[in-house]
Each structure stands twice: as C-alpha cells, then as structure tokens.
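Asker: model this:
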Amino acid sequence: MIGLMQDWPLTIDRILEHARIWHGGREIITQTPDGSTERTTYADLHAKARKISAGLLALGIVPGDRVATLAMNSASHMEAWYGIMGIGAVCHTLNPRLFTEQIVYIINHAQDRVIFVEPAFCQMLDDILLQCPCVEIVIVMGDAKSMAFSRVVRQDELHEGAQEAPPWGGFEESTACGLCYTSGTTGDPKGVLYSHRSNFLHTLYTLQPDALNLSVNDTILPIVPMFHANAWGLAFSAPAVGAKLVLPGPRLDGASIHRLIESEGVTFSAAVPTVWQSLLDHLKSSGSRLGSLRRVVIGGAACPESLIRIFKDDYGVDVIHAWGMTETSPLGTISTTTPELERMDNAQRMSLRLKQGRPPLGIELKLQGDDGVDLPHDGKTFGRLKVKGAVVAASYFQRDSEQILDEAGFFDTGDIATIDPHGYMQITDRAKDVIKSGGEWISSIEIENITMGHPKAAAAAVIGIPHPKWDERPLLLVELRFGESATVMEMRRHLDGKIAKWWTPDDVVFIDELPLGATGKIDKKVLRAQFDDHYFK
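Answerer: As a prediction, the model looks like this:
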C-alpha cells in the first residue's frame, strides 16, 4: 500500500524559494576585498539567481552539465550556485587553494563547460585555460579583468540580457546537484556528486537542536569556504530558516572577522581551528570583546582544549566540536550535550566535549578492525570508522567501477576512532597517519591537542618516524608563537601525566611554520617527507 501524500521532490530550489516568500527582506552581507560591505536580501538574490538560470540556458547549458565556480564566500557566488542548481545543472565548486595542476585535472575530469570566477582569481584561471579544452565560456563575478581567453562575460551581463526567468525544479530529487572534489592528498582528487535530495536532507540535519540548532533569530557567518563541502551546508541552512547571512569574502584574518562579528551582530559561525586561533590572538592583543557571538562550530581538524576553554571562560562563547568529510556532505557527528554529560563534573564533561560527538538521525557509524570484525563502543578500542546514510557518497564521480562501500553499504572514512558507551566518537588518527609503536597505536591527535594547551605553542603536529626497535616512534613538531622560545624538555614536561609514558615523543623539533594543505589542515605528508630520516637521540 502506498501512502496518500503529495509528491513534493526535495530539490534545492525550494530552499531559496521559501526564503524569498517568507524571509525575502532578510539581509545578506558580503565583505568585499577592500573591507567594505555590500548588502542584498534573499528576495533580490533569488531574482538574480533566476536571471543567471536564464543566461545559462541561453548559453546552451542543459541539465547534468557541469558549471564550475572559483570564488570565496559572497552573495554573487550564492547567486551562481542557485542559478546553476535551479535548472538541474551541476554546481562544481573549485578550490583555489589547490595546486594549479590539481585544478586543471579537476576541471578536465568534471568536463566543466562554464566557469564563474571572481576577479581575484581571473589571472590564475587565465593561466590554465589552454589546458582545459572543455571550458567554453568564463563568467566574471564583478568587473571583468583582462583575460586572454576568448569568451569572457560579466555576471551582471547575464542579469541584464536575461529573458523571462525559467521555472526552477521540475526534475527528480535524485538529480545531481553539486560536485566537490576531495583535496587529493593521496592520488588524484576524487569527485563527490551530491544530489538535490542529499543536500536537502543534510540541510534538515543541520537545523536540529542537537546539531547546529539554527533559526531565523540567528545571524550566521560561514567562514568555512563554500568550496569546502558546501560551507558545511550553511549556504543552504541559512536561507532554509531565513537567518541573516554574513559572507566574509577573502578577508579571513582575526581583525577582519572580529569587525564583521561586531558590526553585523553575528551569533553563530563555523571555521577550522586555525581561523579561530587567529581571532583569539587578535582579541588578546587588542583587548577586544565579543558582544553578540554565542556559538561557533569547529571542524576540519581536532579542536584543542585550550581553545574551547578560552572561548567559554573569557568570552562566553560555546564551542561545538564536529566531524565530517566531503563524502558525508559533510556533517557526520557533532559534540552536543546529553543529560548524562550535564550531570558530570567539569573534567569529565570536557573530556567528552573534546570528542567529535554523536551522529544525527540519518547517519550510522561503526568501528571495524582490519579483519572486518565489528568492535565494541567502550571508548578504548581503536578501529576503522565506517559510515552509512542518505547523505553519504555511494561512489565517486566517473569512477563507478571503484567499489568504495563494504558489503553492508558502509563507507570507510580512512579515520581511526573510538566510540564510548555514551555514543561519543573520537578521531584518534587518519589511517595513513596512525603511529604504531611496538604493535600498539599511539594517537597523534591527542598529543597534538595537549601540546596546544602550552601557552607558547601556536600549532603542533605529531608524525611517526621509523625506529629500528619499535617500528615507529612519535616525533613532535611545534610552531611557537611569535617571539617565544622553548626547549625540548619544557614540551615533554607539559605532556607528563597527561598521556601514557610510552606515548611521549622521543624528540621535539621547533619549526618556523607548519605546512597547511588546501583545506587548512596541517599537511603531514609534507612533514613525513621532510623528517623521514630524522635520527632519534
């Protein structure tokens, strides 16, 4: 028997249409490269996005065509997003932080026909387009820069030349919606092809009180880029509830972020730990405060305990620790409180808040050993983290023959984790980064987090170095704060009593600057190559 309910496909165009009707006057603010701000509304953005749809159809774009964007977070970028998705084309977000060789590979692999680009990236794009024969036209989000490429138009020309706006939607909710490539730290980048349904469901996940808990009363600042797993879904979540949206553009330094938060009354934001550390450093040096900010989500890398404490104790801001990946759309788990946690003492509560958290409805997790046997949720047993759900990738774009799910339909995340009896998952390492010493695992992430609690440490990384007796031993690499100096013994003493003695790094190396990858995480691949022959004294 079939239920007698209306057929209402879950397509992304409905999110912006809802915002237009019920929250049309709510503001969207964009910080421009010079630090000024531009203002628009959901109603205006909707109208411009519809004109972009008309312009793309006039250019011959059809459902399923890939249309790329190369831009930071801005209203113009959102116009392009919804204009592309609304007609069933695929919005392919390019990451400008990747090496140019990777960007060329990704454009050609996706077979992008059109690329929207903001002026700051015009030269970068122009330099590689001869290597991308699939690209037919470039659309500049602003003043068109001088480019050698033959077909360049401005985004506002699409607005001006558009005929009657076409209808949006009208296709199956399983239709491809967005394309985002992994950073390709091992091998070529892989394309994750989201559907309208998966993005719509992910939006509903994010709004739950035990997830991001967003509402019309929030002012949302997505610092995480739109090219990084859909700004963790916030480019959909904000219009879904009609929240005021503040888009930071390229200025992500602590002073610029603080100015935006205070001037626009931001209540909620999301970014990787390095961005938040920059903000805290600015607040400390300037003696400034945070007036409106109430919650920040930290993901992309483990969050140091010191950062959580400073935000809460000094500024009254709650830190929400989260985990996810491109393949999970990206929200996989989030570390919000439970009644059991609230009854614990401060030390116990902090130990759980440092974990990556619990999955929302729609995400399934399990731990498995290398032998494929399921492992207990005892908080001690390390295993490969596997995930399953409606917002989890089933295969990679144009790599259908590559099997990425196990027999039960679970995706291996490549993370090593524990899950405790309360259901809190904790990432202890990437599988490729795991340190195995004398047959036992050492959590590099835990050592890094504790090191970050040292007042002189700006950043830390732990890698495994070959050892003749123990197979591998941990090497601690520390980037000190400006003007600070420290000794090896000082760092070791900081770890005493906080980790097992046999976990203590055999050596500590102070490094001027830890290398970062395209998504802002420390690139351990580079560090392993640099210190592979390091001799333990």
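Asker: where are the low-confidence patches of the stretch 401-537 of the chain?
Answerer: 439, 535-537 (pLDDT under 70).
Asker: could you chop this protein up by domain?
Answerer: 17-418, 433-531 (automatic domain parsing).
Asker: could you export those as CSV, including distance to Gly3 and mean neighbour count?
Answerer: Every C-beta, even on glycine, is put in place using the N, C-alpha and C of the backbone. What follows is the domains of the chain, written out as CSV (distance: least, C-beta to C-beta, whole Å; neighbours: other C-beta atoms under 10 Å):
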stretch, distance to Gly3, mean neighbour count
domain 17-418, 16, 19
domain 433-531, 42, 17
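Asker: mind putting those in a markdown table, distance to Ile427 included?
Answerer: What follows is these, written out as a markdown table (distance: least, C-beta to C-beta, whole Å):
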| stretch | distance to Ile427 |
| --- | --- |
| domain 17-418 | 5 |
| domain 433-531 | 6 |
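Asker: so after the strand or helix carrying Asn230, what's the next helix or strand?
Answerer: According to DSSP states H and E, Asn230 maps onto helix 229-232. Next along the chain after helix 229-232, taking DSSP H and E as the criterion, comes helix 234-241.
Asker: what is the next helix or strand after that following helix packed up against?
Answerer: As assigned by DSSP H and E, the chain's next helix or strand after helix 234-241 is strand 244-247. Applying 3 or more C-beta pairs under 8 Å, 6 or more residues apart in numbering; DSSP states H and E, one finds that strand 244-247 makes contact with strand 27-31, helix 75-85, strand 219-222, helix 234-241, helix 254-264.
Asker: in a markdown table, list these along with distance to Thr519.
Answerer: Shown next, in a markdown table, are these (distance: least, C-beta to C-beta, whole Å):
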| stretch | distance to Thr519 |
| --- | --- |
| strand 27-31 | 21 |
| helix 75-85 | 18 |
| strand 219-222 | 15 |
| helix 234-241 | 16 |
| helix 254-264 | 18 |
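Asker: going by mean pLDDT, which of the domains of the chain comes out lowest?
Answerer: When the domains of the chain are ranked by mean pLDDT, domain 433-531 comes last with a mean of 87.
Asker: what about that domain, start to end distance?
Answerer: 14 Å (C-alpha to C-alpha, to the nearest Å).
Asker: can you give me the end-to-end span of stretch 312-326?
Answerer: End to end - C-alpha to C-alpha - stretch 312-326 spans 29 Å.
Asker: for the helix or strand where Cys122 lies, packing partners?
Answerer: Following DSSP H and E, one finds Cys122 within helix 122-128. Other helices and strands packing on helix 122-128, by 3+ C-beta pairs under 8 Å, 6+ apart, are helix 100-110.
Asker: ok now the helix it packs on, how far from the chain's centre?
Answerer: The gap between where helix 100-110 is centred and where its chain is centred comes out at 20 Å by C-alpha atoms, centre = their mean, to the nearest Å.
Asker: downstream of it, the next helix or strand is which one?
Answerer: strand 114-117.
Asker: elements contacting that next one?
Answerer: Checked by 3+ C-beta pairs under 8 Å, 6+ apart, strand 114-117 has strand 66-70, strand 137-140 packed alongside it.
Asker: skipping adjacent residues, who's closest to Pro189 in space?
Answerer: Leaving aside its sequence neighbours, Pro189 sits nearest to Tyr181 (C-beta to C-beta, 6 or more residues apart in numbering; 4.1 Å).
Asker: again but with Pro209, I slipped
Answerer: Here the residue nearest Pro209, using C-beta to C-beta, 6+ apart, is Thr336, at 8.0 Å.
Asker: just checking, that neighbour touches Asp318?
Answerer: No: between Thr336 and Asp318 no contact is recorded; they are 9.6 Å apart, counting by C-beta atoms under 8 Å.
Asker: give me the distance between the residue nearest to the spatial centre of the chain and Cys122.
Answerer: Centroid check for the chain by C-alpha atoms, centre = their mean gives His228 as the closest residue, at 4.7 Å. For His228, the distance to Cys122 equals 21 Å [C-beta to C-beta, to the nearest Å].
Asker: name the SS class of Cys177, please.
Answerer: Three-state assignment for Cys177 (DSSP: H, G, I helix; E, B strand; the rest coil): strand.
Asker: next: the one 10 residues further on.
Answerer: Remark: Gly187 carries the secondary structure label coil [criterion: three-state DSSP].
Asker: distance of it relative to Arg97?
Answerer: 18 Å.
Asker: and if you look at Cys91?
Answerer: Cys91 is 18 Å from Arg97, by C-beta to C-beta.
Asker: I'd guess Asn449 is in a helix, am I close?
Answerer: Yes: Asn449 sits within a helix when classified using three-state DSSP.
Asker: who's in contact with the spatially closest residue to it that is not a sequence neighbour?
Answerer: With C-beta to C-beta, 6+ apart as the criterion, Asn449 has its nearest non-adjacent residue at 5.0 Å, and that residue is Pro304. Applying C-beta atoms under 8 Å, 6 or more residues apart in numbering, we find Pro304 in contact with 273, 448-449, 452-453.
Asker: do the same with Leu476
Answerer: Taking C-beta under 8 Å, 6+ apart, one finds 447, 451, 460-462, 491, 505, 507-509 in contact with Leu476.
Asker: inside strands: which ones of the residues you listed?
Answerer: 460-462, 507-509 (DSSP state E).
Asker: my read is that Tyr81 contacts Met226, right?
Answerer: Actually, residue 81 is Trp. It isn't Tyr. Yes: counting by C-beta under 8 Å, Trp81 touches Met226, with 7.3 Å between them.
Asker: okay, and the common contacts of these two?
Answerer: 69, 235.
Asker: wait, the residue nearest to Pro189 sits on Asn95?
Answerer: Yes: using C-beta under 8 Å, Tyr181 is in contact with Asn95, at 7.4 Å.
Asker: give me the common contacts of those two.
Answerer: Common neighbours of Tyr181 and Asn95 (C-beta under 8 Å, 6+ apart) do not exist.
Asker: identify the residue nearest Pro466 in space, chain neighbours excluded?
Answerer: With C-beta to C-beta, 6+ apart, the residue lying closest to Pro466 is Glu472, at 6.3 Å.
Asker: wait, that neighbour touches Ser437, no?
Answerer: Yes: with contact defined as C-beta under 8 Å, Glu472 reaches Ser437; the gap is 5.3 Å.
Asker: shared neighbours of these two, anything?
Answerer: Contacts common to Glu472 and Ser437, judged by C-beta under 8 Å, 6+ apart, are Gly464.
Asker: and for the helix holding Asn230, what's in contact with it?
Answerer: By C-beta under 8 Å, 6+ apart, helix 229-232 touches 73, 93, 178, 180, 194, 199, 206, 222, 224-225, 236, 270, 297, 299, 322, 324-326, 329-331.
Asker: find out how far that helix is from the centre of the chain, if you would.
Answerer: So, by C-alpha atoms, centre = their mean, the centroid of helix 229-232 is 5 Å from its chain's centroid.
Asker: now stretch 450-458
Answerer: That offset, for stretch 450-458, works out to 24 Å (C-alpha atoms, centre = their mean).
Asker: circling back to that earlier point, for Leu10, find the nearest of the helices and strands packed on strand 114-117.
Answerer: Comparing those against Leu10 with C-beta to C-beta, the closest turns out to be strand 66-70 (21.3 Å).
Asker: so what would you say the end-to-end distance of stretch 355-365 is?
Answerer: So stretch 355-365: terminal residues 15 Å apart, C-alpha to C-alpha.
Asker: show me what the helix ranked longest in the chain is packed up against.
Answerer: For the chain, the helix that runs over the most residues, judged by DSSP state H, is helix 42-58. Under the contact criterion of 3+ C-beta pairs under 8 Å, 6+ apart, helix 42-58 touches helix 13-23, helix 75-85, helix 155-161.
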